[in-house]
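**Student:** 3D, please:
(chains A and B)
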Amino acid sequence: ILNVEQSPQSLHVQEGDSTNFTCSFPSSNFYALHWYRWETAKSPEALFVMTLNGDEKKKGRISATLNTKEGYSYLYIKGSQPEDSATYLCALNSGGYQKVTFGTGTKLQVIP
Amino acid sequence: EPEVTQTPSHQVTQMGQEVILRCVPISNHLYFYWYRQILGQKVEFLVSFYNNEISEKSEIFDDQFSVERPDGSNFTLKIRSTKLEDSAMYFCASNLERGQQYGYTFGSGTRLTVV
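**Tutor:** Down below sits the predicted model:
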């Protein structure tokens, strides 16, 4: 069983603050790392899929980095807005099969 | 933007009854999945489906579960005899290619409550 962990479990930040959270995963048999944003009552939405060590991806104010050798990925949100409030999930694809193993999620609340 | 649709959004069923959860994936996608999240736990993989057959399944996906794509459009998950522990949010997802370049497109889920 793959152990994909995320920290912190939950986070409250003030509007305008920047924040980041971590996804840790076993570095053996790495194939890809996904990040999803999941707003309440909606479906999880894909943010990034990262495959190469040292990858950095950016989408607006959100960016992510990947270190496959040490088994972690960071997600950064610059200048948080209330609409960023959501649960952020990472998911590991190992071995090239289609399924992914999800982390526990980080629940972010941005306070206006 | 194309989306994955799931019906019903909420289903309540008696223990021992059969349920069918329905999904319409994005039309040009090739890979289809069911995941579920029991309240307070991680999202967990159930099954993947490609080329009209199961390509991978988890240990959760036992003989009580089955999937079908009967008409090239709908993708269904059937639970033959529901148990209390099957209560969860069930998500359907699809993607275009095996290479994981784009991530999954998820539906908004069916909340199954077994009483």
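**Student:** got a list of contacts for stretch A:8-22?
**Tutor:** Contact partners of stretch A:8-22, identified using CB atoms under 8 Å, 6 or more residues apart in numbering or on different chains, comprise A:6-7, A:72-82, A:88, A:104-112. All C-beta spots, glycine's among them, are computed from the backbone N, C-alpha and C.
**Student:** what's across from the residue in chain A that chain B sits nearest to in the sheet?
**Tutor:** Ranked by CB to the nearest CB, the top residue of chain A for proximity to chain B is A:Ala46, at 3.1 Å. Applying DSSP bridges to A:Ala46 gives these bridge partners: A:Tyr36.
**Student:** what's the distance between it and B:Glu1?
**Tutor:** Counting by CB to CB, to the nearest Å, the gap from A:Ala46 to B:Glu1 is 12 Å.
**Student:** give me the common contacts of the two.
**Tutor:** With CB under 8 Å, 6+ apart as the test, A:Ala46 and B:Glu1 reach no residue in common.
**Student:** those two: who's more crowded?
**Tutor:** A:Ala46 (17 against 4; other CB atoms under 10 Å in any protein chain shown).
**Student:** so the more buried one makes contact with B:Gly103?
**Tutor:** Yes. In this structure A:Ala46 lies within contact range of B:Gly103 using CB atoms under 8 Å: 3.1 Å.
**Student:** shared neighbours, these two?
**Tutor:** The contact lists of A:Ala46 and B:Gly103 share A:His34, A:Tyr36, where a contact means CB under 8 Å, 6+ apart.
**Student:** and the pLDDT at the residue of chain B found nearest chain A?
**Tutor:** Of all residues in chain B, B:Gly103 sits closest to chain A, with a separation of 3.1 Å (CB to the nearest CB). Looking at B:Gly103, its pLDDT is 86.
**Student:** do the same with B:Arg98
**Tutor:** Predicted confidence (pLDDT) for B:Arg98: 60.
**Student:** that older thread, just the buried residues of the contacts of stretch A:8-22.
**Tutor:** The neighbour count (16 or more other CB atoms under 10 Å in any protein chain shown) marks A:6, A:72-73, A:75, A:77, A:80, A:88, A:104-108, A:110 as buried among these.
**Student:** so which of those residues reach chain B?
**Tutor:** Taking CB under 8 Å from any CB of the partner chain as the test, chain B is in contact with A:Thr104, A:Gly105 out of the buried ones among the contacts of stretch A:8-22.
**Student:** what's the closest of the buried ones among the contacts of stretch A:8-22 to A:Trp35?
**Tutor:** Within the buried ones among the contacts of stretch A:8-22, proximity to A:Trp35 (CB to CB) peaks at A:Leu75, which comes in at 5.7 Å.
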